[in-house]
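Asks: Sharing a model prediction with you, sequence too.
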Amino acid sequence: MNKDLVKENERVDDLQNGCYVIQDREKFCFGMDAVLLSGFTKVKEGEKVLDMCTGTGIIPILLSAKTKGKNFTGIEIQEDCAQMAERSVKYNGLEDRIQIIQGDIKEAVSIFGAASFHVITCNPPYMIGAHGLTNPHMPKAIARHEILCTLEDVVSQAARVLGDRGRFYMVHRPFRLAEIMNVLTRYKLEPKRMQLVYPYIDKEPNMVLIEAVKGGNPRITVERPLIVYEKPGVYTKSILELYGMV
C-alpha cells in the first residue's frame, strides 16, 4: 500500500474486506447503492466484467474481492475521478485484475468492441430534468444527473458490448421503473430479476436492483424486499451481511 498515491485532500476508506478505496468528499463518494449493486451482481469464475460510470472504482474493487471473475474494467468520463479510481486499484495491488479507462460510455463499443464482456454493471445518474436539484458542484452533478449520459445511452451500449446471454446489472430509482423496463426490452435486454430496496419497512422503496439478460426469454423473478434500517441508525441483518459485519 503506497501512501504516496493519496493526495492531500483525499481520504482512504476501509471496505472491511481487505480492500480500500480513495475518495475525495469534494467530488463524489460512493454510497449504499454501489454496495447493494455489488451484492446483487453475480459473476462466475473466468468472466469478464465492465462497470459503466465507475466513479471511484468501488464496484470493480468490491466484485474483485468477492467473486472469481477473470478481470474487471471500469469506465469513467471524468478524468479526475478516473485517475483517483486508478490510484485505488494500485493502492490495493489489483492492477492484474482491474483496469480503469477514462472515456465516454457512449463510445463503449468503439473502445472495447462488440460482445466483449460477460457481465456489465452500472450505477448511473438517476435524475433527469427537474428531478432533484442539480448540484452546483459539477463532479457531483454529473454523477447524479443525466448531464453527460442518459439511461438509453447506458442500455444501448451495454446491449452492444455484452455477449449473447450476457448479464446486465443496474441500480436505479423506482420512479423510473416503467421507463427502465421499456428501454431494456427495446434493446433486447430481458429483465430477469428485480429487488426493491426500502429505507424502512413502512416507507416507499427508494432504490431498485435489476438483472437483465441479453437475448433472454420473458420471465422475471421479483425477489423479497430489502429493508435497510430497523430504526434510525440501526441496519437490518440483511444490510449487515452485505457489509460483512455479521
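Replies: Thanks, I have the structure now.

Asks: pLDDT averaged over the helix or strand hosting Asn182 - what is it?
Replies: In this assignment (DSSP states H and E), Asn182 forms part of helix 177-186. The pLDDT scores in helix 177-186 average 96.

Asks: List the buried residues for it?
Replies: Buried residues in helix 177-186, counted by 16 or more other Cβ atoms under 10 Å: 177, 180-181, 183-184. Where you see a C-beta, it was placed from the backbone N, CA and C, and this is true even at glycine.

Asks: Include distance to Glu76 when you put the residues you listed into JSON lines, please.
Replies: Shown next, in JSON lines, are the buried residues of helix 177-186 (distance: Cβ to Cβ, whole Å):
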{"residue": "Leu177", "distance to Glu76": "26"}
{"residue": "Ile180", "distance to Glu76": "22"}
{"residue": "Met181", "distance to Glu76": "27"}
{"residue": "Val183", "distance to Glu76": "22"}
{"residue": "Leu184", "distance to Glu76": "23"}
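
Asks: any idea how far the one helix or strand Ser88 maps to is from the chain center?
Replies: Using DSSP H and E, Ser88 sits in helix 79-91. Distance of helix 79-91 from the chain centroid (Cα atoms, centre = their mean, to the nearest Å) equals 16 Å.

Asks: Give me the mean pLDDT for it.
Replies: Rounded mean pLDDT across helix 79-91 is 92.

Asks: Starting from that helix, tell me the next helix or strand along the chain.
Replies: Helix 79-91 is succeeded, C-terminally, by strand 98-102 (DSSP H and E).

Asks: Can you name every helix or strand that that next one contacts?
Replies: helix 58-66, strand 71-76, helix 79-91 (3 or more Cβ pairs under 8 Å, 6 or more residues apart in numbering; DSSP states H and E).
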